[in-house]
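S.K.: structure, please.
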Amino acid sequence: MSTTNKNEEEVDLGSLFVIIGKGFKNFFNFIGSIFKGIFHFIITILIFLKANIIKIGIATIIGAIVGVFIEVKSPTTYESELLLEPNFKSTRQLYNNINYYNNLVKQKDTIGLANTFNIDKQDAASLKKFEISPVINDNDIINSYDQFIEEVDTLTVKSYSFQDFKTSFSIYDYNAHKVRVVSEKNDIFNKLDAVIISSIVKNTYFNKLKSLANENLNRTDSLFRQNLTQIDSLRKVYVEVMLQEARKPESNGTNIDLGGVKKTTKELELFETNIEINEELVDVNKEKGTEYEVINVLSNFQPIGTKLEGVSNNYAFLLGGLGAVFMILILVLAQLNAFLISYKK
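M.R.: From the prediction side, this is the model:
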């Protein structure tokens, strides 16, 4: 190899190392600029707060004072929750009903509330909010997806992933749902749950589905029990035959053994069938426990409501924070206006 070629290779390697070095340097400079930018942003905020801390503090105090005044004037409110498990796709109707009750509250339609819940106008006027939300449980999504896989063909499953299924899973698809009621009276809640539940239970369509489902479950239960009785009878017959053959003199050992093996095999098959039917019967009883009614009540309203407390319900805290945010917004807009004026000049 000539000296010229060696020099060219050394120059190429040197250039390569220079390029790599510049790349690392630019990368670390970029990372450093990010941290410098974050640090500069934090310092700017701290300088802004230091310069305006008195104004922000005054706005916070004024908001808190107004909040305390409102807190004193506002009546005490109470809440209670009803936990339900709708069946036969009645969840959407339940949500519609709860939203309807809440609209009556917003419109201050005490007559409509009184007629709906069979209460007097004073009790109806004490109702302040109806709301409903699902009890989020990832197991509901997994179990629904397993059921979906069992019901559709393999090709559909391959084209519809669990993530797609999870994305399409709506609030109406969860099993349990929580109804929350807020009232100025703490002893009104046990007058509400019966009406809320009956509004779904008395629906003609859902009652029809319930009757058909119950009929199928009862028929399946009866069939399984009959099969168990027949299997028990057959097992007794096989046991009796085996005992009778065991008492016979052994004229041909090979034939007796073969007969015994056959009967033992049949006995085992009956035993396995018995186990399978019992497992199916357990599943039927589980379905009866969960799907025998249009709507299952997991937890009723508490007779005496819980007083609404905490930071999220404290007007002094909320309005104090709102006052601080409002003042910060005014100061930021003032600085922005000053910057725009100076920029224009």
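S.K.: pick out the residue nearest the middle of the protein.
M.R.: Centre of the chain computed as the mean C-alpha position; nearest residue by CA atoms, centre = their mean is residue 136, 1.4 Å away.
S.K.: setting aside sequence neighbours, what's the nearest residue to that residue?
M.R.: With sequence-adjacent residues excluded and distances taken as CB to CB, 6 or more residues apart in numbering, residue 136 is closest to residue 174, at 6.7 Å. Where C-beta positions appear, they are placed from N, C-alpha and C, glycine not excepted.
S.K.: residue 135 is in contact with that neighbour, correct?
M.R.: Yes - with contact defined as CB atoms under 8 Å, residue 174 and residue 135 form a contacting pair (6.3 Å).
S.K.: so which of the two has more stuff around it?
M.R.: Using other CB atoms under 10 Å as the criterion, residue 174 and residue 135 rank with residue 174 on top: 19 against 14.
S.K.: from residue 114, how far off is the more buried one?
M.R.: 32 Å (CB to CB, to the nearest Å).
S.K.: cool, and residue 18?
M.R.: From residue 18 to residue 114 the distance is 86 Å (CB to CB).
S.K.: neighbour count winner among those two?
M.R.: Just comparing residue 18 and residue 114: by other CB under 10 Å the higher neighbour count belongs to residue 114, 18 against 10.
S.K.: please name the residues that touch residue 105.
M.R.: Counting by CB atoms under 8 Å, 6 or more residues apart in numbering, residue 105 touches 113, 127, 128, 129, 130.
S.K.: give me the pLDDT for it.
M.R.: For residue 105, the pLDDT comes out at 91.
S.K.: that one: helix or strand, and which one exactly?
M.R.: helix 91-106 (DSSP states H and E).
S.K.: ok, residues contacting the helix or strand following that helix?
M.R.: Moving toward the C-terminus from helix 91-106, the next helix or strand (DSSP H and E) is helix 110-117. Applying CB under 8 Å, 6+ apart, the external contacts of helix 110-117 come out as 101, 104-105, 119-121, 123-125, 127, 191-192, 195.
S.K.: give me the buried positions along helix 110-117.
M.R.: 110, 112, 113, 114, 116, 117 (16 or more other CB atoms under 10 Å).
S.K.: closest to residue 85 among these?
M.R.: Residue 85 lies nearest to residue 117 out of the buried residues of helix 110-117, by CB to CB, at 22.0 Å.
S.K.: pipe the buried residues of helix 110-117 into a markdown table and attach pLDDT and distance to residue 207 per row.
M.R.: Listed next are the buried residues of helix 110-117 as a markdown table, based on pLDDT from 0 to 100; distance: CB to CB, whole Å:
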| residue | pLDDT | distance to residue 207 |
| --- | --- | --- |
| 110 | 91 | 31 |
| 112 | 91 | 25 |
| 113 | 91 | 26 |
| 114 | 91 | 27 |
| 116 | 90 | 20 |
| 117 | 91 | 22 |
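S.K.: out of the residues you listed, which comes closest to residue 36?
M.R.: Scanning the buried residues of helix 110-117 for proximity to residue 36, where the rule is CB to CB, the winner is residue 113, at 60.6 Å.
S.K.: name the nearest residue to that closest one, sequence neighbours excluded.
M.R.: Nearest residue to residue 113, sequence neighbours excluded (CB to CB, 6+ apart): residue 124, at 3.8 Å.
S.K.: so where do the strands sit in the stretch 101-250 of the chain?
M.R.: 127-134, 177-183 (DSSP state E, counting those that start in this stretch).
S.K.: most tightly surrounded among those strands?
M.R.: Of all the strands of the stretch 101-250 of the chain, strand 177-183 carries the top mean neighbour count, a mean of 20, counting by mean count of other CB atoms under 10 Å.
S.K.: so it versus helix 91-106, what angle?
M.R.: 10 degrees (axes from the mean of the first three to the mean of the last three CA atoms, to 10 degrees).
S.K.: and the pLDDT for residue 288?
M.R.: 68.
S.K.: now swap in residue 224 and tell me
M.R.: So, for residue 224, pLDDT stands at 75.
S.K.: and the nearest residue to it once chain neighbours are set aside, how many neighbours?
M.R.: Nearest in space to residue 224, with sequence neighbours left out and distances taken as CB to CB, 6+ apart, is residue 281 at 4.7 Å. By other CB under 10 Å, 17 other residues sit near residue 281.
S.K.: ok, residue 281 - contacts?
M.R.: Counting by CB under 8 Å, 6+ apart, residue 281 has contacts 221, 224, 225, 228.
S.K.: one more: residue 89?
M.R.: So, once contact is read as CB under 8 Å, 6+ apart, residue 89 ends up touching residue 172.
S.K.: from residue 146, how far out is it?
M.R.: 19 Å.
S.K.: mind pulling up the pLDDT for the residue nearest to the centre of the chain?
M.R.: Reading off the model, residue 136 has pLDDT 88.
S.K.: any figure for the gap between it and residue 99?
M.R.: In terms of CB to CB, residue 136 sits 20 Å off from residue 99.
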